[in-house]
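J.: please find the sequence and the predicted model below.
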Amino acid sequence: MSQKNLTWLLILIIVLAILAAFFIYPKDLGNKFRPWRLGLDLVGGTRLIYEIDISQAKEADKSIVLGGLRDVIEKRVNLFGVSEPVITTAKSGDTYRLIVELAGVKDVKKAIEEVGSTPLLDFREVIVPEEEKELEKIIFIPTDLTGRYIKGAQLEFDSITNQPAVGIQFDNEGAKIFEQLTERNIGKYLAIFLDNGLIEMPVVREKISGGQARITGKFTIEEAKKLVERFNAGALTAPINLISQETVGASLGEESLQKTLKAGLIGIILILLFMGFYYRRLGLGWFSGIAFLIYIPLTLAVYKIFGATMTLAGIAGFILSIGMAVDANVLIFEGIKEGFKKGLNRISSIDEGFRKAWSSIRDSNVTSIITCLILYNLTSGFIKGFALTLLIGVLVSMFSAVFVTRTILRAFIKK
């Protein structure tokens with residue numbers, strides 16, 4: 001590439017970095033385009049802890065039930081308007097708990113209502129003792145068919161009474177369970193419970209295939225619509241009970257954020273000074289400083305574009321990625337030094353440095369990327385946020401080291 005083209009390319013990169021700096025600025029234009037998403041530890045909010053009743057689930061199905069419950073609650077709070085909720089499950093002794101962290105939520109009562117009001121639907125077989133027709137004498141036997149198998153719901157009306165009802169569609173697995181359940185209960189009652197309350201106990205006339213069911217009861221149209229909304233958001237796979245409610249203040253988060261940013265800034269300055277001093281004879285150190293000043297706003301802009309939630313753990317991942325960017329520049333500069341020692345001219349030494357450093361940069365970053373992907377997919381909460389910011393930082397650092405740094409060196413250094 002000609003020197004003129006390199007110069008224009010460098011100008012384009014610098015312009016992008018300047019635009020990124022305006023974009024990431026937390027006030028004015030940067031905040032109007034897309035505000036930062038900040039975690040509970042930075043802006044405060046609400047932490048709710050629920051106890052999960054998982055006694056009805058089989059041992060082999062417990063992890064599936066917990067995962068389904070977490071997904072349902074996350075969907076519910078997203079509908080409530082809470083961005084990036086942190087929802088985790090934990091085991092305390094013999095009990096399981098669901099921890100819901102809602103950043104920036106001030107209306108705690110409304111949050112509790114939305115999280116806890118998601119309906120628990122389950123079907124139960126009915127045993128009516130002979131000569132006993134009283135309701136309290138009837139025995140209900142839980143089955144495997146619960147709300148976790150619901151695929152969708154819609155508002156319907158009974159063709160005879162014109163009363164509102166809720167039609168539900170089970171997924172493939174739920175349809176099979178429902179078919180088997182109706183087949184072995186032909187001529188018998190089948191009870192439908194909502195939040196552990198009996199709402200309907202129809203008689204099964206025939207085997208029902210296709211996974212279609214209807215819930216009728218003394219519903220108003222508004223109540224039926226609300227049920228449809230909640231079932232489409234997801235029915236609870238296990239009952240939950242609120243045992244702890246905590247409002248988290250943002251003061252501690254702001255103090256920690258200031259300390260973290262201050263430490264990161266001091267570290268970056270020290271790195272730039274070291275690189276400038278150590279490679280001063282080659283005239284390379286200050287070029288790495290320019291590359292860092294471009295790398296930082298570009299990386300933060302990518303975080304903001306993808307809507308990453310910034311927590312203290314996420315900021316730690318970003319700062320760690322800066323260290324990996326420094327490592328890549330050190331490998332490149334050491335390769336350039338070796339080119340000088342061999343008597344190569346400046347351009348040839350630069351090409352030699354990048355050629356030798358590339359395999360080490362590639363291998364170290366690929367292993368980091370694999371680790372980040374594992375952490376992101378197998379963990380939750382702050383660790384997941386750390387993995388995401390580190391992953392993005394590593395990818396941008398590879399681009400910065402291989403493309404930006406090389407462009408800067410080739411644009412300023414001539415034969």
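T.: Perfect, I can see it now.
J.: does P129 sit in a helix, a strand or a coil?
T.: Going by DSSP: H, G, I helix; E, B strand; the rest coil, the secondary structure assigned to P129 is coil.
J.: so who does it touch?
T.: Going by C-beta atoms under 8 Å, 6 or more residues apart in numbering, P129 touches 137-139. Any C-beta I mention is one placed from the backbone N, CA and C, and that applies to glycine too.
J.: again, 6 Å this time
T.: P129 sits next to K137 when contact means C-beta atoms under 6 Å, 6 or more residues apart in numbering.
J.: what of S288?
T.: S288 is in contact with 275, 329, counting by C-beta under 6 Å, 6+ apart.
J.: and it, what element?
T.: Remark: S288 resides in helix 285-305, with elements defined by DSSP states H and E.
J.: please apply the same query to V330.
T.: Element membership for V330, per DSSP H and E: helix 312-341.
J.: average pLDDT for that helix, rounded please.
T.: Mean pLDDT, helix 312-341: 85.
J.: quick one: name whatever helix or strand follows the lowest-mean-pLDDT helix or strand in the chain.
T.: Using mean pLDDT, DSSP states H and E, the weakest-scoring helix or strand in the chain turns out to be helix 28-33, at a mean of 65. Sequence order places strand 37-38 as the next helix or strand after helix 28-33, per DSSP H and E.
J.: next structured bit after that following strand?
T.: Beyond strand 37-38 on the C-terminal side, the first helix or strand identified by DSSP H and E is helix 40-43.
J.: in the helix holding V330, what counts as buried?
T.: Buried residues in helix 312-341, defined by neighbour count with 16 or more other C-beta atoms under 10 Å: 312-319, 321-322, 324-333, 335-337, 339-340.
J.: for the stretch 301-415 of the chain, which spans come out with low pLDDT?
T.: Within the stretch 301-415 of the chain, the ranges that satisfy pLDDT under 70 run 380-381, 414-415.
J.: ok so, going back, mind listing the strands the helix or strand following the helix holding S288 pairs with, and their directions?
T.: Moving toward the C-terminus from helix 285-305, the first helix or strand encountered (DSSP H and E) is strand 309-310. Sheet neighbours of strand 309-310, with direction, are listed as strand 37-38 (parallel) (DSSP bridges).
J.: hang on, isn't I350 packed against A411?
T.: No - the pair I350 / A411 is not scored as a contact, 11.0 Å apart, by C-beta atoms under 6 Å.
J.: look up the closest residue to M310, ignoring the ones flanking it.
T.: Counting by C-beta to C-beta, 6 or more residues apart in numbering, M310 lies nearest to L38, which is 5.6 Å off, once chain neighbours are set aside.
J.: swap in I221?
T.: I221's closest residue in space is P164 (C-beta to C-beta, 6+ apart), at 4.9 Å.
J.: okay, that neighbour: pLDDT?
T.: pLDDT for P164: 87.
J.: domain ranges for this structure?
T.: Split into domains by automatic domain parsing, the chain comes to 3-40+250-412, 43-117+243-248, 121-238.
J.: compute the first-to-last residue distance for the last one.
T.: The one in question is domain 121-238. From its first residue to its last, domain 121-238 covers 9 Å (C-alpha to C-alpha, to the nearest Å).
J.: with the second one instead?
T.: Chord length of domain 43-117+243-248, first to last residue, is 9 Å (C-alpha to C-alpha).
J.: same check, this time on the longest one
T.: The separation between the terminal residues of domain 3-40+250-412, taken as C-alpha to C-alpha, is 9 Å.
J.: the residue nearest to I221 contacts K225, doesn't it?
T.: No - using C-beta under 6 Å, P164 is not in contact with K225; the gap is 8.1 Å.
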